[in-house]
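Asker: let's see this in three dimensions:
(chains A, B, C and D)
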Number of protein chains: 2
Amino acid sequence: MGSTDPHSHNHQDCINTALARAKSICAEAGAKLTAQRQSVLQLIWQSHKPLGAYPLMGQLQQLSGKPIAPPTVYRALEFLLAHGLIHRVHSLNAFIGCTHPGQPHSGQLLICRACGDAQELDNAALNTSIRQVLPSNGFFAENVMLEITGLCGGCHAKPEHGLERQIDSPEQPIDSPERKDNHHE
Amino acid sequence: MGSTDPHSHNHQDCINTALARAKSICAEAGAKLTAQRQSVLQLIWQSHKPLGAYPLMGQLQQLSGKPIAPPTVYRALEFLLAHGLIHRVHSLNAFIGCTHPGQPHSGQLLICRACGDAQELDNAALNTSIRQVLPSNGFFAENVMLEITGLCGGCHAKPEHGLERQIDSPEQPIDSPERKDNHHE
DNA sequence: GCGCCTATGTTATACCATAGCGTTTTTCTT
DNA sequence: AAGAAAAACGCTATGGTATAACATAGGCGC
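Answerer: Residues are numbered from 1 along each chain as shown, chains lettered A, B, ... in the order given. Okay, here's the model as predicted:
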């Protein structure tokens, strides 16, 4: 969440809003948001941090009182992904609720390695920049995934996470000398 | 790559150049590019498409004539990642040679879902855009990962890869009229 | 009821990655 | 050159992620 404490807002409202939106989106699309899919969506929102499929499976079992197998979970996730209700966080093999479903956007995430929170962005300038790179490469983009890992404001202020590998790490952060696309072709 | 045939250039030169660069980078860093690590780097470059750890392991076994265990492969990969000689492709659980090692940059990849080729970008405007979003969020970035999936120029021209859902189109990733609830993110 | 489509259940397995520990090789120090 | 420390490697086992394939159940139009 970066600057916002997960508990500084009414989280239940948060979840309810997401569920309500999901219902209307599915209704409009003619898709069935079944009880199970809704449970999965709710659990993902409850966590408010990227949630893995197996932890999710465990919670789903607790919730339903019966054993749940991986395919069941993955099928629900697949449905939710397809309808833009959640995002997959590749760098964590996890899933997170989409904060503005129904609107066109590409996934842009800020992921704190210390507290584990993930904040979704939808930065217009960034979207524009990304889109502009593509035509020059003749590439037809279908899915854009941007995941930025680091420390959120809160965690960055604390000393215990001070191992700031920003400067000397080979997998460099964003700072890059001016250089144009370059490839060996 | 992308639209270009992997064999339209002298691939061996490509590999040799990468190996030579790797040697000089490691020498400068005081790191040991052992025979095994070099083999791994070479195999990754030979593939010229993102290569998974297990396929890599198989090739490594063939090359060396003896059984190789996963940790061996992953340790080599870890070394190469740490020194910026390869990139991890999260969306494919695979690895690809870095086209401009030694220079600070974040990984920006165009991945074709049809032919599997991946092209690395280093677009200055994009880097700038990304960098500019962060301060406003109080976020301290350490690693940026951008992976764009779609169709490269060549594959886009062919009819068999039809399901074209352009990103950022007003409609969500999935269909509008006829529904079929399966799609990968 | 019947056929069809969708969702779900179930078993098994494939695929990806790391922990932990012992051995070998290299490098540094004396 | 001998010995200690560190780095790299081999190996076994296991954890974590994801899907294939097939079976079952329920809704819905006819």
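
Asker: hmm, whichever helix in chain A runs longest touching DNA strand C?
Answerer: Secondary structure assigned by DSSP state H gives helix A:11-29 as the longest helix of chain A. No. Between helix A:11-29 and DNA strand C, judged by Cβ under 7 Å from any atom of the strand, nothing touches; the nearest distance is 9.4 Å. C-betas here are computed from N, CA, C, even on glycine.

Asker: show me what counts as buried in that helix.
Answerer: A:14, A:15, A:18, A:19, A:21, A:22, A:25, A:26, A:29 (16 or more other Cβ atoms under 10 Å in any protein chain shown).

Asker: contact partners for the third one?
Answerer: Spelled out, it's residue A:18. By Cβ atoms under 8 Å, 6 or more residues apart in numbering or on different chains, the contact list for residue A:18 reads A:41, A:45, A:85, A:97, A:101.

Asker: from the buried residues of helix A:11-29, which is closest to residue B:90?
Answerer: Nearest to residue B:90, judged by Cβ to Cβ, of these is residue A:18 at 25.4 Å.

Asker: run the chain-centre distance for the longest helix of chain A.
Answerer: 17 Å (Cα atoms, centre = their mean, to the nearest Å).

Asker: pLDDT weak spots in chain A?
Answerer: A:1-8, A:104, A:159-185 (pLDDT under 70).

Asker: can you list the residues of it near DNA strand D?
Answerer: So chain A meets DNA strand D at A:52, A:53, A:54, A:55, A:69, A:70, A:71, A:74, A:78, A:93, A:94 (Cβ under 7 Å from any atom of the strand).

Asker: what about the second one, how many residues nearby?
Answerer: Residue A:53 has 17 neighbouring residues, counting by other Cβ atoms under 10 Å in any protein chain shown.

Asker: show me where chain A has strands.
Answerer: A:86-89, A:94-97, A:107-112, A:118-121, A:140-151 (DSSP state E).

Asker: if we can go back for a sec, most surrounded residue in the residues of chain A next to DNA strand D?
Answerer: Most surrounded of these: other Cβ under 10 Å gives residue A:94, at 21 neighbours.

Asker: now that residue: closest residue in space that isn't a chain neighbour?
Answerer: Nearest residue to residue A:94, sequence neighbours excluded (Cβ to Cβ, 6 or more residues apart in numbering or on different chains): residue A:50, at 3.5 Å.

Asker: I'd say the one you found and residue A:86 touch.
Answerer: No. Here residue A:50 does not reach residue A:86: they are 10.0 Å apart, not a contact under Cβ atoms under 8 Å.

Asker: name the residues of stretch A:114-126 that come out as buried.
Answerer: In stretch A:114-126, counting by 16+ other Cβ under 10 Å, buried: A:115, A:116, A:117, A:118, A:119, A:120, A:121, A:123, A:126.

Asker: nearest spatial neighbour of the fourth one, skipping sequence neighbours?
Answerer: What that stands for is residue A:118. residue A:111 (4.7 Å).

Asker: could you report the neighbour count for the one you found?
Answerer: For residue A:111, using other Cβ under 10 Å, the count is 28.

Asker: residue A:66 too?
Answerer: Using other Cβ under 10 Å: residue A:66 sits among 7 other residues.

Asker: do the same with residue A:154
Answerer: Neighbours around residue A:154, by other Cβ under 10 Å: 18.

Asker: distance of it relative to DNA strand D?
Answerer: Per Cβ to the nearest atom of the strand, to the nearest Å, residue A:154 is found 25 Å from DNA strand D.
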